[in-house]
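1. give me a 3D structure for the following:
(2 chains)
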2 protein chains.
Amino acid sequence: MRVDIWSDISCPWCFIGKARFKTALAAFPHKGDVKVVHRSFELDPQLNDVRPTTGAAHARKYGLTPAQARAAEENLADIARREGLEYLVDFRDHGNTFDLHRLLHLAADHGLQDELLSLVYEGNFATERSVYDSDYQVELAVRAGLDEAEVRTVLADKQAYAHQVRQDEAEAARLGATGVPFFVIDGKFGVSGAQPAEVFSEALQRAWADREPTLTVLGGTSPAGCDVNGACDVQPV
Amino acid sequence: MRVDIWSDISCPWCFIGKARFKTALAAFPHKGDVKVVHRSFELDPQLNDVRPTTGAAHARKYGLTPAQARAAEENLADIARREGLEYLVDFRDHGNTFDLHRLLHLAADHGLQDELLSLVYEGNFATERSVYDSDYQVELAVRAGLDEAEVRTVLADKQAYAHQVRQDEAEAARLGATGVPFFVIDGKFGVSGAQPAEVFSEALQRAWADREPTLTVLGGTSPAGCDVNGACDVQPV
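-> Prediction:
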């Protein structure tokens, strides 16, 4: 089975949802048959500067008093901590996440996507360092196991993996995702938001029961192929 | 819908099958909703030198007389030409295709995979140039639209995209593919071999009828997400 998870770095619920899904997956009997793919979703693609978020700005954005904004953030932190995550509440930088998504695709190419995403989330929420700083991005990517020179090359070339980020976003739009986190199991079952682990467990079970046990082979066997022994069908006239 | 096509460069039926599938897809009413992904499959992964294939060697391999081998190849050429493909019959080099598969993954990252695969097949079958020559690989990749420096970097680093090639091969094994071309539609319907275009048409129609029209949403709406306006759910305590 395959689980696609659309998320954005700046989204606290994505950080929390990733942990909740992980809890569900860890308890899933067929977890060895589940492949998780992180997909790109930019909540604020037009943003072209990095903004330190203050409590006051946060309160204005949500129409809250500063005290309410602080309480809401403390509440989020409590929720995160219940999932075993560290979470600071002094408000973090907010910026464009396109480069981070490009790096996550690079990491996927090396089988290190989940590692890098975890480190980026931690950087953003558990330490509140600015994940929009390219040197810090390099540091995190190297810590995930990527090659520093390759990371710098990808960061310097804005076209690198841009196509994949756009493809992910187009697919999210096709699937009707208007927010993140957004989970899709085997292209059939969707879960929107950082739902409780039980919802993910149920979704995994439902998708497992519903999966195609084997391929339905159409067209029967063909005398027009090459096999794993390197032998191709020949049809002498 | 998504179609995964496993193939190898040295496989004439893969070249022919690609054209037959393309014919079916061109006539498919929902072709705009079909995404094609080429997947790696090495028919002869142990091969570590490049061998010019002679008619005599080809005949020996298949237990044919040289005349029969020639006739079989002429027959393949006829079949290829009926699909609008050029196909030479003087036997071509045979070599390890790992680097070509790595390049096809690079091309996929730039949305140029189908272009590159077509050019590599043409090089191998329509011109019988040695697609195992790295300068010619670079030439084809650049013709497909890739950046020369990036192509050379990937070719020089044997680890680049190696992970993806291995992943593709592992997935083919899981799906029970013992030869190529091997087509899988939406992970559910398999077509083995370069079947007639009608078989692919039928498979596309069947998969279309069987597709999930929309996601089944589990867990209902959630107050735990961030939306496309960049606003996250807050839960003031």
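2. show me the contacts for the residue nearest the centre of chain A.
-> By C-alpha atoms, centre = their mean, chain A has its centre lying nearest to A:H38, at 3.4 Å. Neighbour list for A:H38: A:5, A:7, A:104, A:108, A:113-114, A:117 [criterion: C-beta atoms under 8 Å, 6 or more residues apart in numbering or on different chains]. From N, CA and C alone the C-beta is placed, and that goes for glycine too.
3. would a markdown table of the residues you listed with neighbour count be doable?
-> Output for these, formatted as a markdown table (neighbours: other C-beta atoms under 10 Å in any protein chain shown):
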| residue | neighbour count |
| --- | --- |
| A:I5 | 22 |
| A:S7 | 28 |
| A:L104 | 27 |
| A:A108 | 20 |
| A:Q113 | 20 |
| A:D114 | 18 |
| A:L117 | 25 |
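4. which other helices and strands contact the helix or strand A:H163 falls within?
-> Under the criterion of DSSP states H and E, A:H163 resides in helix A:162-174. With contacts defined as 3 or more C-beta pairs under 8 Å, 6 or more residues apart in numbering or on different chains; DSSP states H and E, the packing partners of helix A:162-174 are strand A:35-40, helix A:98-109.
5. any idea which of the ones you listed is most buried?
-> Ranked by mean neighbour count, the helices and strands packed on helix A:162-174 are led by helix A:98-109 with a mean of 23 (mean count of other C-beta atoms under 10 Å in any protein chain shown).
6. immediately after that one, which helix or strand?
-> Reading on from helix A:98-109 to the C-terminus, the next helix or strand found by DSSP H and E is helix A:113-121.
7. got the angle for that next one vs helix A:98-109?
-> 150 degrees (axes from the mean of the first three to the mean of the last three C-alpha atoms, to 10 degrees).
8. contacts for helix A:113-121?
-> By C-beta under 8 Å, 6+ apart, the list of residues contacting helix A:113-121 reads A:7, A:9, A:14-15, A:18, A:36-38, A:100, A:103-105, A:107, A:131, A:140-141, A:143-146.
9. let's see it at 7 Å
-> With C-beta atoms under 7 Å, 6 or more residues apart in numbering or on different chains as the test, helix A:113-121 has contacts from A:9, A:15, A:18, A:36, A:38, A:100, A:103-104, A:107, A:131, A:140-141, A:143-145.
10. next one: stretch A:186-204
-> By C-beta under 7 Å, 6+ apart, stretch A:186-204 touches A:1-2, A:13, A:16-17, A:20-21, A:23-24, A:27-28, A:175, A:181-185, A:206-207, A:210-211, B:186, B:212, B:215-219, B:221-222, B:224-225.
11. same check on stretch A:18-28?
-> With C-beta under 7 Å, 6+ apart, stretch A:18-28 has contacts from A:5, A:7, A:31, A:34, A:83-85, A:121, A:183, A:194-197, A:200-201, A:204.
12. which of these tops the neighbour count?
-> Using other C-beta atoms under 10 Å in any protein chain shown as the neighbour test, the contacts of stretch A:18-28 are led by A:A194, with 32 neighbours.
13. if I look at that one, how far off is B:A231?
-> Applying C-beta to C-beta, to the nearest Å, the value for A:A194 to B:A231 is 15 Å.
14. ok, A:D4 - contacts?
-> The contact partners of A:D4, taken as C-beta under 7 Å, 6+ apart, are A:37, A:39, A:184.
15. among the residues you listed, which one sits closest to B:D90?
-> Ranked by distance to B:D90 (C-beta to C-beta), those are led by A:V37 at 43.9 Å.
16. check which helix or strand the residue nearest to the closest one when sequence neighbours are not counted maps to.
-> Computed as C-beta to C-beta, 6 or more residues apart in numbering or on different chains, the closest residue to A:V37 that is not its neighbour in sequence is A:D4, at 5.2 Å. Element membership for A:D4 (DSSP H and E) is strand A:2-7.
17. partner strands of that strand and their direction?
-> Applying DSSP bridges, strand A:2-7 is found paired with strand A:35-40 (parallel), strand A:182-185 (antiparallel).
18. burial count for A:V154?
-> By the criterion of other C-beta under 10 Å, A:V154 has 22 neighbours.
19. phi first, then psi, for it.
-> Torsion angles at A:V154 (phi, psi; degrees, to the nearest 10) stand at phi -70, psi -40.
20. the nearest residue to it once chain neighbours are set aside in helix, strand or coil?
-> Excluding its sequence neighbours, the residue lying closest to A:V154 (C-beta to C-beta, 6+ apart) is A:A160, at 4.4 Å. Under DSSP: H, G, I helix; E, B strand; the rest coil, the three-state class of A:A160 is coil.
21. cool, and A:G190?
-> Following three-state DSSP, A:G190 is assigned to strand.
22. can you put the strands paired with strand A:2-7 in a markdown table and add mean pLDDT and distance to B:L47?
-> Compiled in a markdown table, the strands paired with strand A:2-7 are given as follows (pLDDT from 0 to 100; distance: least, C-beta to C-beta, whole Å):
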| stretch | mean pLDDT | distance to B:L47 |
| --- | --- | --- |
| strand A:35-40 | 96 | 29 |
| strand A:182-185 | 95 | 39 |
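23. the ones you listed: which one's closest to B:H58?
-> strand A:35-40 (39.6 Å).
24. what angle do the closest one and helix B:162-174 make?
-> With the same axes, to 10 degrees as the basis, strand A:35-40 and helix B:162-174 are set at 130 degrees to each other.
25. and strand A:35-40, C-alpha only, in CSV?
-> Extracted in CSV, the C-alpha atoms of strand A:35-40 (Å, rounded to 0.1, in the frame of the first residue of the first chain):
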residue,chain,number,x,y,z
LYS,A,35,5.2,3.0,1.5
VAL,A,36,4.9,6.6,2.7
VAL,A,37,5.6,9.4,0.2
HIS,A,38,5.6,13.0,1.3
ARG,A,39,4.2,15.4,-1.2
SER,A,40,4.6,19.2,-1.6
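26. next secondary structure after it?
-> With secondary structure assigned by DSSP H and E, strand A:35-40 is succeeded by strand A:51-52.
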